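# Generate coordinates for the sequence data below:
(3 chains)
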Amino acid sequence: MTPLLRIIRYNPLFWLLAFVPMVLAAAMLKPEAHTLLFVLCMLAIVPLAALLSHATESVAAKTGDTVGGLLNATLGNLTELVIALAALRTGQYTLVKASIAGAIVTNTLFVLGASFLLGGLKHHVQEYNRVNARLQAGLLFLATVALLIPSAVSLTNSAAGAAFTQRLSVVLSVLLIVTYGLGMLFSLKTHREFFANTESGEAGEAPWPIGLALATLAGVTVLVALVSEIFVESVQEAAEAFGITPVFVGFIVVALVSGAAEMSSAFSGARKNRLDLSVGIALGSASQIALFIAPMLVLLSYLLGPAPMDLQFWPSAVVMILIATMTVSLITNSGRSAWFIGVFVLMVYLIFAMTLYLLPPRSL
Amino acid sequence: MTPLLRIIRYNPLFWLLAFVPMVLAAAMLKPEAHTLLFVLCMLAIVPLAALLSHATESVAAKTGDTVGGLLNATLGNLTELVIALAALRTGQYTLVKASIAGAIVTNTLFVLGASFLLGGLKHHVQEYNRVNARLQAGLLFLATVALLIPSAVSLTNSAAGAAFTQRLSVVLSVLLIVTYGLGMLFSLKTHREFFANTESGEAGEAPWPIGLALATLAGVTVLVALVSEIFVESVQEAAEAFGITPVFVGFIVVALVSGAAEMSSAFSGARKNRLDLSVGIALGSASQIALFIAPMLVLLSYLLGPAPMDLQFWPSAVVMILIATMTVSLITNSGRSAWFIGVFVLMVYLIFAMTLYLLPPRSL
Amino acid sequence: MTPLLRIIRYNPLFWLLAFVPMVLAAAMLKPEAHTLLFVLCMLAIVPLAALLSHATESVAAKTGDTVGGLLNATLGNLTELVIALAALRTGQYTLVKASIAGAIVTNTLFVLGASFLLGGLKHHVQEYNRVNARLQAGLLFLATVALLIPSAVSLTNSAAGAAFTQRLSVVLSVLLIVTYGLGMLFSLKTHREFFANTESGEAGEAPWPIGLALATLAGVTVLVALVSEIFVESVQEAAEAFGITPVFVGFIVVALVSGAAEMSSAFSGARKNRLDLSVGIALGSASQIALFIAPMLVLLSYLLGPAPMDLQFWPSAVVMILIATMTVSLITNSGRSAWFIGVFVLMVYLIFAMTLYLLPPRSL
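Got it, this is the predicted structure:
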């Protein structure tokens, strides 16, 4: 257990792990203190997500490029998946969808924009592999189309419409997962030379031994599941206490908290002029959530949820995902970045965040 | 008649010509067997469209580059035009519009995507002239704007709104046809050096003598007109018998059937690493239908139809055409292709096709 | 006063200055002759706008690159601002918004398209600095997002919705102005080497002495304000007399009249193969109006207007601005131009203009 302890001691982020037992204790002692539980959950999820992310990468590093890429591509957003599953089991589909849409938009705009800005403040002009950025933008575009079409073909007859949307969601989910799989085959196998980063992974930090990594993966996943359970139960009332909408919580807060670990990797990559790493994390996460996590949740809702969940998002979420996709298409044309590109992308994010923040509660 | 016979003997596609007399006979003997007539019409149109396409190219090959380009640009989608005219004369404007929108989307997504996929399975990376692809994408974008604006400026007062839409449709149709003409002037005359394909036409197959080509053009057009007449009369009831919507028939089935000949040229071009040919067929057909056939039908509806037809499509068709245009813009930036680009484009098409297939009848 | 007189004598445009005293006299003698006043105002604004534009450039030329760029960037659309302020003070918010949206669309499509066409008729292919074009397109995209989001998140509860839209408009206005300022910092200061034009300003015409320029700036601004006052009072009834909608007047007529001076610079630049000048005027004006003038008017409405103005435009205006932005993104990818690109952009403008022209009065 030495490497785990060493990492925890030297990285202040992990001191937050102290909140994990606190939240579990508080949930047993004071299950009605929703605001307190909500805040403790937020603080506990950040270090757990960081541990999960590090463990996944360590396993990936041991298993060779292809299997490793596969692992990263499926487990890279394990935290988001576990939180969404907790919400799914209790049928809080608005929270599930808000956190999916929010994770896509946050990764696409906030993580990418802040990386460009932080990198650009240190380096005059930065270059990155635009082939990968364009592929991820294309995948995001496809997911946007799949989210948009059910809304575009809205039916007046609500009973037939619901059945139609439900069946269509299952079909589209399968199509998205297949596309995601073929995209991995393309970028990891048949045309990998176009996607070669000059650097890879988390250089500098040695990977953990495989046994430790697997044990951490299993143990931390259970902890995240427990904390998520408490989080999902407290979110509704906590949001009301803070005077913010559940949509804002799902869209902005959950996405920022559960992605904190990845974000710090992306930002430090940008500062070190390794922008391919930042772009890969930001757009890779976004497309993974859009083409793998979201469709998986739709399919899993048949097994785990109280009722099937569909892929139909509310119009403003679809518009935001569409705009995020268009923003990425617009800026990744050149494969070059400077600080103002970061400002530009962050401004699009700020417009969304302010809109959701100012929105009166219970208005969506 | 030797070349015509030789072609028919060696190309199994033309054995389907046997269905032409069958459908004419069946229509006289059993005019109420709508499902049978529908299927026979489908089978008969495929080889007729192939003959038309070959005859047009032969005439074009004899008349020199500019006149030939002009001929190809106006007669290249003669089958679609004749079918649409048959539907126009009986006032089936939903079928006309569905087949226009379907032909645009099918050419843009299915033909282009399948060409990229089939070519990419054989060749690691393929290149094509991106200047031409961008021009066609621009023309498609313009047509999309013309289809979108009447819907965006929808009026609450329905009587004034209908008159406004009607007048606007005529003006927009004229603008589109003028743009199409100027686009030909640009690509065939003033800036032809940017659009030079390394190959041109149907190399390998010798063109027919001009007399034979003209006679075929005239005779086959009459046959297509006759079969289209029967097809249009049977489509409504046949679609109900198969449990599919008329929109699905117009959008997907008619487009695939009437374009079968061109598709086989596009696909074989892609396999032979002559991707310019495939892109030219796919996007050239789509822009021709959008900027020439569709506006022509609006203008012709004043002469031939029971009532004037407008250019206002239902919202989901406009959204699909818009998405198809954006897809083309997204992928033609680089002028390079690989198998996954084909998968990507086909997936967009599949999302549309599945949506229309699952749609309950009579819901649009 | 010699340079001012020389300019006026040799440029026939300035003979229109005779209309300035005429309109002021007519407004006192015949305040109810709305149609006459409307026409006289149009004719008087054209030369005043040209004088303002020339005076601003002369001050800018004297004050060095950065301050000069700043001046041009804030006073470049002074005429539009003064007209809009006159309409703002009387609470004619539809006219204000129509003239903002119209100025964005006219600069983006008409000025750019006509420049490309006029330049392309003389030169086979023209090149321009695509980095600047892409930056302006990005800024326009951001403004479009800010206009689109309040409409996308429309609320059913109209009282809460209005308060929400109002607060959101103020926040978005501040964000847009901050982005505009940072964009200037980027293009004029930190990364100016990417935006270097080979030519700059109005070469050939010597700048005026600073005293004359400042006096002209002050005096002409007062005259424009007076004429705008009369114009805004007459526009409603004059539009009815001509049988056109106030939206058409605001969107098309005001934009063409108040931008006439800049347009002639853009067009003559294109003819002289100095396309960077034309692109800078067209897209620079559009982004200045979208990210600086429009948000300023929202903020100023709290001080000057009878009621606060919001940033929510009617849907068809948002669609038109969005399409204009997409058109620019589509064509500025390559940094090359030819006559047909101009035709293409002008056609998009013509589609908008015809739609607004045919629109029945009082239908928006």
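# Nearest residue to A:Leu37 in space, please, no chain neighbours.
Spatial nearest neighbour of A:Leu37, chain neighbours left out: A:Ser234 (4.2 Å); criterion: Cβ to Cβ, 6 or more residues apart in numbering or on different chains. (C-beta placed from N, C-alpha, C; glycine too.)
# Then that neighbour would be within a strand, right?
No - using DSSP: H, G, I helix; E, B strand; the rest coil, the assignment for A:Ser234 is helix, not a strand.
# which residues in chain A form strands?
A:126-127, A:336-337 (DSSP state E).
# which of those sits most buried?
Using mean count of other Cβ atoms under 10 Å in any protein chain shown, the stretch among the strands of chain A with the largest mean neighbour count is strand A:336-337, at a mean of 21.
# Return the distance of that strand from the chain's centre.
Centroid displacement of strand A:336-337 relative to its chain, using Cα atoms, centre = their mean, to the nearest Å, is 24 Å.
# how about the nearest residue to the residue of the stretch 251-364 of chain A found nearest chain C, chain neighbours excluded?
Per Cβ to the nearest Cβ, A:Phe340 is where the stretch 251-364 of chain A lies closest to chain C, at 3.9 Å. Here the nearest residue to A:Phe340 in space, its sequence neighbours aside, is C:Phe186; by Cβ to Cβ, 6+ apart that works out to 3.9 Å.
# Kindly report the residues of chain A close to chain B.
Contact residues, chain A versus chain B (Cβ under 8 Å from any Cβ of the partner chain): A:134-135, A:137-139, A:141-142, A:145-146, A:148-150, A:152-153, A:155-157, A:160-161, A:163-164, A:167-168, A:171-172, A:175, A:179, A:182-183, A:185-186, A:190-191, A:329, A:333.
# before we move on, back to that, these two touch, right, the residue nearest to A:Phe340 and A:Trp339?
Yes - between C:Phe186 and A:Trp339 there is a contact under Cβ atoms under 8 Å: 7.3 Å.
# near chain C, which residues of the stretch 101-250 of chain A show up?
Residues of the stretch 101-250 of chain A lying near chain C (Cβ under 8 Å from any Cβ): A:124-125.
# whoops, I mixed them up, the stretch 251-364 of chain A
Counting by Cβ under 8 Å from any Cβ, the stretch 251-364 of chain A sits next to chain C at A:315-316, A:319-320, A:323, A:326-327, A:330-331, A:333-334, A:338-340, A:343-344, A:347-348, A:350-352, A:354-355, A:358-360, A:363-364.
# and for stretch A:163-170, what are the contacting residues?
A:149-150, A:155, A:298-299, A:308-312, B:354-355, B:358-360, B:363 (Cβ atoms under 8 Å, 6 or more residues apart in numbering or on different chains).
# Show me which residues of that stretch are buried.
Of the residues in stretch A:163-170, A:164-166, A:168-170 count as buried by neighbour count, 16 or more other Cβ atoms under 10 Å in any protein chain shown.
# gap between it and the chain center?
25 Å.
# mind saving the C-alpha coords of that stretch as CSV?
Output of stretch A:163-170 as CSV, limited to C-alpha atoms (Å, rounded to 0.1, in the frame of the first residue of the first chain):
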residue,chain,number,x,y,z
ALA,A,163,-44.0,4.9,-27.2
PHE,A,164,-42.3,6.1,-30.4
THR,A,165,-39.7,8.1,-28.4
GLN,A,166,-39.0,5.1,-26.2
ARG,A,167,-38.4,2.7,-29.0
LEU,A,168,-36.4,5.2,-31.0
SER,A,169,-34.2,5.9,-27.9
VAL,A,170,-33.2,2.3,-27.7
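# just to revisit the earlier point, taking the contacts of stretch A:163-170 one by one, which sit in helices?
Residues of these located in helices (DSSP state H): A:149-150, A:298-299, B:354-355, B:358.
# will you turn the residues you listed into a markdown table that also has neighbour count, distance to A:Val222 and pLDDT?
Output for those, formatted as a markdown table (neighbours: other Cβ atoms under 10 Å in any protein chain shown; distance: Cβ to Cβ, whole Å; pLDDT from 0 to 100):
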| residue | neighbour count | distance to A:Val222 | pLDDT |
| --- | --- | --- | --- |
| A:Ile149 | 24 | 38 | 87 |
| A:Pro150 | 24 | 35 | 78 |
| A:Val298 | 24 | 24 | 94 |
| A:Leu299 | 16 | 23 | 95 |
| B:Met354 | 18 | 38 | 93 |
| B:Thr355 | 21 | 40 | 91 |
| B:Leu358 | 20 | 39 | 88 |
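# now A:Leu256: how far from A:Phe292?
A:Leu256 is 21 Å from A:Phe292, where distance means Cβ to Cβ, to the nearest Å.
# Looking at the two, which has the bigger crowd around it?
A:Phe292 (25 against 18; other Cβ atoms under 10 Å in any protein chain shown).
# Local confidence estimate at A:Val319?
A:Val319 is assigned 91 on the pLDDT scale.
# how about the nearest residue to it, chain neighbours excluded?
With Cβ to Cβ, 6+ apart, the residue lying closest to A:Val319 is C:Ala152, at 4.3 Å.
# That neighbour: neighbouring residues, count only.
18.
# Out of the ones in helices among the contacts of stretch A:163-170, which is nearest to C:Leu277?
The nearest member of the ones in helices among the contacts of stretch A:163-170 to C:Leu277, counting by Cβ to Cβ, is A:Ile149 at 43.8 Å.
# so what's the residue in the stretch 201-350 of chain A positioned nearest to chain B up against?
In the stretch 201-350 of chain A, the residue that lies nearest chain B is A:Ser329 (6.2 Å; Cβ to the nearest Cβ). Residues near A:Ser329 by Cβ under 8 Å, 6+ apart: A:137, A:141, B:330.
# Inside helices: which ones of those?
A:137, A:141, B:330.
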